[in-house]
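> got a predicted structure plus its sequence, pasted below:
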Amino acid sequence: MLLLISPDSVEEALDCAKAAEHLDIVDVKKPDEGSLGANFPWVIREIRDAVPADKPVSATVGDVPYKPGTVAQAALGAVVSGATYIKVGLYGCTTPEQGIEVMRAVVRAVKDHRPEALVVASGYADAHRIGCVNPLALPDIAARSGADAAMLDTAVKDGTGLFDHVAPDACAEFVRLAHASGLLAALAGSVKQSDLGPLTRIGTDIVGVRGAVCEGGDRNAGRIRPHLVAAFRAEMDRQAWEHAAGVPAVN
Ligand SMILES: O=C[C@H](O)COP(=O)(O)O
């Protein structure tokens, strides 16, 4: 399982760089503009320059409306700025068809510029609270639009997390559907160390985290700390080892 960490600034990305050996993907985000809030192109560029060249930089395009042209332009902005994972939160899409339309436009915009860049279609585990497309539709949306990964995050950061809205069994089905279509499966949403056992066992490819590696567990007021990234990775490694060794689950 790969670890994706979401700094909100160049300063936080430099702290991520200090923990570079413990993480896999640096995900540029602007949390004060939403769960998948988009940051400025120059911040993506500066972060690309600040983190080790062997660490991919991801960028969120935003909690996007059902406006394929607008979103495609934003996605192009992210890839031109140096991101090679382009994440789109389908906040304003209420049907799979709308999600596919937006994601097809994004895939074309991104891959015309940089064919090897990965496009991530993200839905929300708590979609029922915001009226957007069902989370279990995301693998199909990603597959039918030519995206590379299906993801879930949470839209409302109120202390509830991924498993409060989509139980581990349903997340397992999400991963199964993604893999059946040849996609990566990424899961996030106030994920804590105690969630890593189930996330490992269901075969999650990428886990996305911010709050759990911020001081005080606070994704807004807290800052990402290298020692918390290291601790999170240590628990990931422990869970991976136990899973490979066939140690019975305790959670
Ligand atoms: O992409 C992952 C998100 O940044 C997750 O943030 P969070 O762990 O604070 O919910």
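Ah, there it is.
> burial of the one residue in the stretch 51-200 of the chain that gets nearest to the ligand, as a residue count?
Relative to the ligand, the nearest point of the stretch 51-200 of the chain is Ala188 (3.7 Å; C-beta to the nearest ligand atom). Where you see a C-beta, it was placed from the backbone N, CA and C, and this is true even at glycine. Applying other C-beta atoms under 10 Å, we find 26 residues neighbouring Ala188.
> which residue is the nearest non-sequential neighbour of it?
Gly208 (3.2 Å; C-beta to C-beta, 6 or more residues apart in numbering).
> tell me the spacing between that neighbour and Ile141.
18 Å (C-beta to C-beta, to the nearest Å).
> what's the answer for Leu183, then?
10 Å.
> and for the two, which residues touch both?
Listed as contacting both Leu183 and Ile141 by C-beta atoms under 8 Å, 6 or more residues apart in numbering are Ala147, Ala150.
> of the two, which one has the most company?
Each of Leu183 and Ile141 had its neighbours counted (other C-beta under 10 Å), and the higher figure belongs to Ile141 (27 against 23).
> next one, pLDDT for the more buried one please.
pLDDT, Ile141: 98.
> and it, what element?
Assigned by DSSP states H and E, Ile141 belongs to helix 138-145.
> quick one: contacts for the residue of the stretch 1-150 of the chain found nearest the ligand?
Residue of the stretch 1-150 of the chain nearest the ligand, by C-beta to the nearest ligand atom: Ser6 (3.3 Å). By C-beta under 8 Å, 6+ apart, the residues touching Ser6 are Asp27, Val28, Lys29, Pro31, Thr60, Gly208, Val209, Arg210.
> run a quick neighbour tally on the third one.
The burial count assigned to Lys29 is 27, neighbours taken as other C-beta under 10 Å.
> for Leu177, see how far away the residue nearest to it when sequence neighbours are not counted is.
With sequence-adjacent residues excluded and distances taken as C-beta to C-beta, 6+ apart, Lys29 is closest to Ser6, at 4.4 Å. Relative to Leu177, Ser6 is positioned 25 Å away (C-beta to C-beta).
> same question for Val229.
30 Å.
> looking at these two, which is more packed in?
Val229 (24 against 19).
> nearest residue to that one in space, please, no chain neighbours.
Closest residue to Val229 apart from its sequence neighbours, by C-beta to C-beta, 6+ apart: Ala19 at 3.8 Å.
> so what's the residue count around the one you found?
So Ala19, with other C-beta under 10 Å, has 21 neighbours.
> phi first, then psi, for it.
Backbone torsions for Ala19, taken as degrees, to the nearest 10, come to phi -110, psi 20.
> so where's the stretch 1-150 of the chain shaky on pLDDT?
The model of the stretch 1-150 of the chain has no residue with pLDDT under 70.
> which residues in it form helices?
10-18, 41-50, 68-80, 96-113, 127-130, 138-145 (DSSP state H, counting those that start in this stretch).
> just name the most buried of these.
Compared across these, helix 138-145 shows the largest average neighbour count, a mean of 24 (mean count of other C-beta atoms under 10 Å).
> that older thread, any idea which element the residue nearest to Ala188 lies in?
strand 206-209.
> helices or strands up against that strand?
Here strand 206-209 touches strand 2-5, strand 149-153, strand 184-188, going by 3 or more C-beta pairs under 8 Å, 6 or more residues apart in numbering; DSSP states H and E.
> can you rerun that using 10 Å?
strand 2-5, strand 25-28, strand 57-63, strand 118-124, strand 149-153, strand 184-188, helix 196-201, helix 226-245 (3 or more C-beta pairs under 10 Å, 6 or more residues apart in numbering; DSSP states H and E).
> and these as JSON lines, adding distance to Val106?
JSON lines is the format used below for the helices and strands packed on strand 206-209 (distance: least, C-beta to C-beta, whole Å):
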{"stretch": "strand 2-5", "distance to Val106": "18"}
{"stretch": "strand 25-28", "distance to Val106": "16"}
{"stretch": "strand 57-63", "distance to Val106": "7"}
{"stretch": "strand 118-124", "distance to Val106": "6"}
{"stretch": "strand 149-153", "distance to Val106": "12"}
{"stretch": "strand 184-188", "distance to Val106": "16"}
{"stretch": "helix 196-201", "distance to Val106": "26"}
{"stretch": "helix 226-245", "distance to Val106": "29"}
